[in-house]
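>>> this is the structure alone, sequence omitted:
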């Protein structure tokens, strides 16, 4: 059972890498099997179809993010601390799984409509988690009365974009980048006494 | 000649829309010809190949952005004003051409390596324009001593992400969104006297 799980995860990681680099349509089940050193037919022991595989890895990506961020949003921390931790956690997650993020963004169009709707629903759920913190902060006067919708998208753009440029060999770790982001956003939204 | 130009631009716009919605590989030259109501063979009067078309629309996208932003960077305005105008201009441009942005991001992998390199070089040139403003602001003490590289990516993520969510029917115009973004970033990076 342990080996089954590992093999399945390996399959998702390999598929994410190939879909991200070559594109979903240009990647064949044979390519995936070759990379895993198994027979093409054996793939169907783990998944029902190529599209099922695409859906599964998108779902895994967004669920991983949600599981890490939800406890922060639902904690008793003050809103500015919640926001800093959310930015930190989201940044580190994207930096750890850039291929999942690329596939999530670039291949939504390759899913059949019902599956696409489910992924979009997850995404909306995540967006609402982010907005809850902003609303909370504005309501209790810790944040300026910003446009929560637009600022939430500003923040999501900043952290999601990490998949485009982050390199583990770069001058900053994912944790450091998350801290810089959190600092800029907090300075940007914090209420401060008139000078 | 006027009609030629118009026809060519129309071709690029239609191709951007189809590549963005269906993907480059899933879009045929026949699809593009159908959308334009011309014969497939007539397309080759305007372009040499499907990949040439992909390259051309990516180049048009980044050049449009560069032409709008370069005068701001090279102006005599103070760095905070330059930064606000760049954010504003970039936001409005992405909101006006979301399909070009989607193709630019999602289909880089579909270009042959030499063409991909050229697009990446444009992109790097643009990134440097953004960084110049930040460096200038930090050097003259208008901005805090932020990590220019990381903050430039934060800013680019924020504005580029607009292609993912902006709708002309939404509650805010592209100009308003640009102004909100500029405000958050400026508050985030401005140097301020100790309270």
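Yep, that arrived. Fair warning: this is a prediction, and the values are worked out from it, not measured in the lab.
>>> longest helix of chain A?
Secondary structure of chain A read by DSSP state H shows that its longest helix is helix A:113-139.
>>> which strands or helices does that helix pack on?
helix A:50-73, helix A:79-96, helix A:148-160 (3 or more C-beta pairs under 8 Å, 6 or more residues apart in numbering or on different chains; DSSP states H and E). Where C-beta positions appear, they are placed from N, C-alpha and C, glycine not excepted.
>>> which of the ones you listed is buried the deepest?
Most buried of those by mean neighbour count (mean count of other C-beta atoms under 10 Å in any protein chain shown) is helix A:148-160; its value is a mean of 23.
>>> that helix close to chain B?
Yes. Using C-beta under 8 Å from any C-beta of the partner chain, helix A:148-160 reaches chain B at A:149, A:150, A:151, A:153, A:154, A:155, A:156, A:157, A:158, A:159, A:160.
>>> helices and strands of chain A: which one bottoms out on pLDDT?
Of the helices and strands making up chain A, the lowest-confidence element is helix A:2-22, at a mean of 87, by mean pLDDT, DSSP states H and E.
>>> chain B: which of the residues of helix A:148-160 next to chain B is nearest?
Set against chain B, the nearest of those by C-beta to the nearest C-beta is residue A:157 (2.6 Å).
>>> quick check: the closest one touching residue B:161?
Yes. Residue A:157 is in contact with residue B:161 according to C-beta atoms under 8 Å; the separation is 2.6 Å.
>>> dump the residue contacts of the closest residue to residue A:40 other than its chain neighbours.
Using C-beta to C-beta, 6 or more residues apart in numbering or on different chains and skipping the chain neighbours, the partner closest in space to residue A:40 is residue A:33 (4.3 Å). By C-beta atoms under 8 Å, 6 or more residues apart in numbering or on different chains, the contact set of residue A:33 is A:39, A:40, A:42, A:43.
>>> and if you look at residue A:148?
A:131, A:134, A:135, A:138.
>>> from residue A:139, how far out is the spatially closest residue to the second one that is not a sequence neighbour?
Nearest non-adjacent residue to residue A:134, counting by C-beta to C-beta, 6+ apart: residue A:148, 4.5 Å away. As judged by C-beta to C-beta, to the nearest Å, residue A:148 and residue A:139 stand 10 Å apart.
>>> now residue A:70
For residue A:70, the distance to residue A:139 equals 20 Å [C-beta to C-beta].
>>> likewise residue A:69?
Distance of residue A:69 to residue A:139, computed by C-beta to C-beta: 20 Å.
>>> where does chain A dip in pLDDT?
Chain A contains residues with pLDDT under 70 at A:1-4, A:193-195.
>>> ranking the contacts of residue A:33 by neighbours, who comes first?
residue A:43 (20 neighbours; other C-beta atoms under 10 Å in any protein chain shown).
>>> shouldn't that residue be within a strand?
No. Assessed with DSSP: H, G, I helix; E, B strand; the rest coil, residue A:43 is helix; it does not lie in a strand.
>>> who touches it in this structure?
Residue A:43 neighbours (C-beta under 8 Å, 6+ apart): A:11, A:29, A:32, A:33, A:36.
>>> and which of those is nearest residue B:50?
Checking the contacts of residue A:43 against residue B:50 by C-beta to C-beta gives residue A:29 as the nearest, at 25.2 Å.
>>> neighbours around the closest one, how many?
Using other C-beta under 10 Å, residue A:29 has 16 other residues around it.
>>> for residue A:121, same thing?
By other C-beta under 10 Å, 11 other residues sit near residue A:121.
>>> one more: the one 3 residues further on?
When neighbours are defined as other C-beta under 10 Å, residue A:124 has 9 of them.
>>> near chain B, anything from stretch A:72-90?
No. Counting by C-beta under 8 Å from any C-beta, chain B is not contacted by stretch A:72-90; separation bottoms out at 10.0 Å.
>>> what about the longest helix of chain A, distance to the chain center?
For helix A:113-139, the distance from its own C-alpha centre to the chain's C-alpha centre is 12 Å (C-alpha atoms, centre = their mean, to the nearest Å).
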